[in-house]
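A.B. asks: Test case, fold it:
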Amino acid sequence: MWYRLISLLIGYGFGLFQTAIVIGKIQGFDIRKEGSGNAGTTNMLRTKGAKDALLTLIGDFMKAVCAVLIVQAVFAHRAPQMLVLLKMYAGVGAVLGHDFPFYLHFKGGKGVATTAGVIAAISPLAGILCIVVFFALFFPLHLVSVCSLSAYSFFFLQVLVLGAIGRFHMTVPYVIETDVLAAVLTGLCFWQHRSNLRRLMRGEEKKVYLHRSLNEEVQKGQR
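C.D. replies: Predicted coordinates:
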């Protein structure tokens, strides 16, 4: 139990680093007062452009990778029989820290880039496949919410399959617990995107492009 809690806290500590807010402070703006007010990659791309969005993506991605790798280093010899499970706890903690930072009144981002870091750190192949799913949908649709939720769902399916075929090298109870954590992450993602889902059902979800000028044109056209 203590190993799980320690892993969760390590992840939460790393998740508290809000990349978009730090970039804003350096450049003299508050991303929470721009666009949708979300402190994440999509809002940064829509309002500030690809460069700042990429920096946000890298920062949010790497904090999860660092959390998972630290847990791996700490517990690789102490608890090898449940290592993937502990790394998943670190990942859950990182996403919770990103989504619900205590020092920002528990209002952070939606955790997509952070979860991408979790996936890549636990299974690089799974991370690559999720990226393929994301961009395979992004370029024809330009709906980040649809792409993110699809990639999340694919991640959950991969965890189920990898656990079932023994790739995690854990006993069944640990595999099931890992599946539950993956389901929690996926459910949290859908919950964080609930407003996007409502807009999608109404046909009002805004499209996002890699060029800031296109985003500005779309926003003007929707006013």
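A.B. asks: low-confidence ranges in this structure?
C.D. replies: Counting by pLDDT under 70, the low-confidence segments of the chain come to 211-223.
A.B. asks: for it, which helix is longest?
C.D. replies: When the chain is scanned for its longest helix (criterion: DSSP state H), the result is helix 50-75.
A.B. asks: counting contacts, what elements does that helix pack onto?
C.D. replies: Using 3 or more C-beta pairs under 8 Å, 6 or more residues apart in numbering; DSSP states H and E as the contact criterion, the secondary-structure elements in contact with helix 50-75 are helix 2-15, helix 19-27, helix 41-48, helix 83-99, helix 112-122. Heads up, the C-betas are built off the backbone N, CA and C, glycines and all.
A.B. asks: Just want the angle from that helix to helix 19-27.
C.D. replies: Relative orientation of helix 50-75 with respect to helix 19-27: 130 degrees, computed using axes from the mean of the first three to the mean of the last three C-alpha atoms, to 10 degrees.
A.B. asks: Quick one: distance of helix 50-75 to the chain centre.
C.D. replies: Distance of helix 50-75 from its chain centroid, counting by C-alpha atoms, centre = their mean, to the nearest Å, is 10 Å.
A.B. asks: and the angle from it to helix 2-15?
C.D. replies: Here helix 50-75 runs at 160 degrees with respect to helix 2-15, directions being taken by the same axes, to 10 degrees.
A.B. asks: and helix 50-75, which residues are buried?
C.D. replies: 52-53, 55-57, 59-68, 70-72, 74-75 (16 or more other C-beta atoms under 10 Å).
A.B. asks: What of stretch 19-37?
C.D. replies: For stretch 19-37, the buried set under the neighbour-count rule, 16+ other C-beta under 10 Å, comprises 19-21, 23-24, 31-32, 34-36.
A.B. asks: Likewise for stretch 35-44?
C.D. replies: For stretch 35-44, burial by neighbour count (16+ other C-beta under 10 Å) applies to 35-36, 38-44.
A.B. asks: Endpoint to endpoint, that stretch covers what distance?
C.D. replies: From the first residue to the last, stretch 35-44 extends over 8 Å; the measure is C-alpha to C-alpha, to the nearest Å.
A.B. asks: begin at 572 from here
C.D. replies: Okay, using 572 as the starting number, the last item reads as stretch 606-615.
A.B. asks: which outside residues touch it?
C.D. replies: Counting by C-beta atoms under 8 Å, 6 or more residues apart in numbering, stretch 606-615 makes contact with 589, 591-592, 594, 602-603, 605, 617-618, 623-624, 627-628, 631, 675, 679-681, 683-684, 715, 779, all of which sit outside it.
A.B. asks: re earlier: quick one: which of the helices and strands packed on helix 621-646 is nearest residue 710?
C.D. replies: Ranking the helices and strands packed on helix 621-646 by their distance to residue 710 (criterion: C-beta to C-beta) puts helix 612-619 first, at 14.4 Å.
A.B. asks: coming back round to it: can you check which of the helices and strands packed on helix 621-646 gets nearest to residue 746?
C.D. replies: Nearest to residue 746, of these and by C-beta to C-beta, is helix 654-670 at 8.2 Å.
A.B. asks: Just the C-alpha atoms of that closest one, please, in CSV.
C.D. replies: C-alpha atoms of helix 654-670 as CSV (Å, rounded to 0.1, in the frame of the first residue of the first chain):
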residue,chain,number,x,y,z
LEU,A,654,6.5,-2.4,-11.2
VAL,A,655,4.1,-1.6,-14.1
LEU,A,656,1.3,-1.0,-11.6
LEU,A,657,3.4,1.4,-9.6
LYS,A,658,4.3,3.3,-12.8
MET,A,659,0.6,3.5,-13.6
TYR,A,660,0.0,5.0,-10.1
ALA,A,661,2.7,7.6,-10.9
GLY,A,662,1.0,8.3,-14.1
VAL,A,663,-2.4,8.8,-12.4
GLY,A,664,-0.8,11.1,-9.9
ALA,A,665,0.8,13.2,-12.7
VAL,A,666,-2.5,13.6,-14.4
LEU,A,667,-4.3,14.5,-11.2
GLY,A,668,-1.6,17.0,-10.4
HIS,A,669,-2.0,18.6,-13.8
ASP,A,670,-5.8,18.6,-13.8
